[in-house]
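In: Following is a predicted model, sequence given first.
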Amino acid sequence: MATTPPSLDAATYADLRQAVGDQAMPVLLGRFQAQLRDWSVRGEPAALGAAAHGVIASSGLIGFTRLSRLCAALEIACQGDDFEAIRALAADVAAEKAFAEAEVARLIAAG
């Protein structure tokens, strides 16, 4: 049985923080925050899939594992014609995106 990844993988986040240092971390989080803020999980499949692709690596790097995996699934779904799957995945991505936005704001505030 597959397990659901955590929304924020604390070990991945800690590893990144150690690798880049405490001063660079707010910069990375700020860039990710802007990326999320500027991204609407709506639109026609090709644009939606391309936008999801852009979030896969950045979210995975920071530790937002679930968002990264959902974006990868959405990107793949957008390459097909299963609009129900696209709608369902887009809803899941939107919910996880909202969590990530709140968590990034908390992490930035915490320093």
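Out: Looks like it arrived, so ask away.
In: the helices in this structure, which residues?
Out: 10-20, 25-37, 45-62, 65-78, 83-110 (DSSP state H).
In: can I get those in a markdown table with mean pLDDT?
Out: Below are these laid out as a markdown table (pLDDT from 0 to 100):
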| stretch | mean pLDDT |
| --- | --- |
| helix 10-20 | 96 |
| helix 25-37 | 96 |
| helix 45-62 | 94 |
| helix 65-78 | 96 |
| helix 83-110 | 95 |
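In: Format the ones you listed as JSON lines; extra columns: mean neighbour count.
Out: Bear in mind the C-beta positions are built from the backbone N, C-alpha and C, glycine included. JSON lines is the format used below for the helices of the chain (neighbours: other CB atoms under 10 Å):
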{"stretch": "helix 10-20", "mean neighbour count": "13"}
{"stretch": "helix 25-37", "mean neighbour count": "15"}
{"stretch": "helix 45-62", "mean neighbour count": "18"}
{"stretch": "helix 65-78", "mean neighbour count": "22"}
{"stretch": "helix 83-110", "mean neighbour count": "15"}
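In: separation between E103 and Q33?
Out: 10 Å (CB to CB, to the nearest Å).
In: actually L61, sorry about that
Out: Counting by CB to CB, the gap from L61 to Q33 is 14 Å.
In: Repeat that for L16.
Out: In terms of CB to CB, L16 sits 15 Å off from Q33.
In: swap in K97?
Out: From K97 to Q33 the distance is 11 Å (CB to CB).
In: swap in A105?
Out: For A105 relative to Q33 (CB to CB), the value is 7 Å.
In: got it, and G80?
Out: G80 sits 31 Å away from Q33, going by CB to CB.
In: what sits against the closest residue to L61 other than its chain neighbours?
Out: By the measure of CB to CB, 6 or more residues apart in numbering, the closest residue to L61 outside its immediate chain neighbours is L16, 6.4 Å from it. Listed by CB atoms under 8 Å, 6 or more residues apart in numbering, the contact set of L16 reads 25, 28, 61-63.
In: Next: Q35.
Out: 54-55, 58.
In: May I see those arranged in CSV, with distance to R42 as well?
Out: Listed next are these as CSV, based on distance: CB to CB, whole Å:
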residue, distance to R42
G54, 15
V55, 14
S58, 20
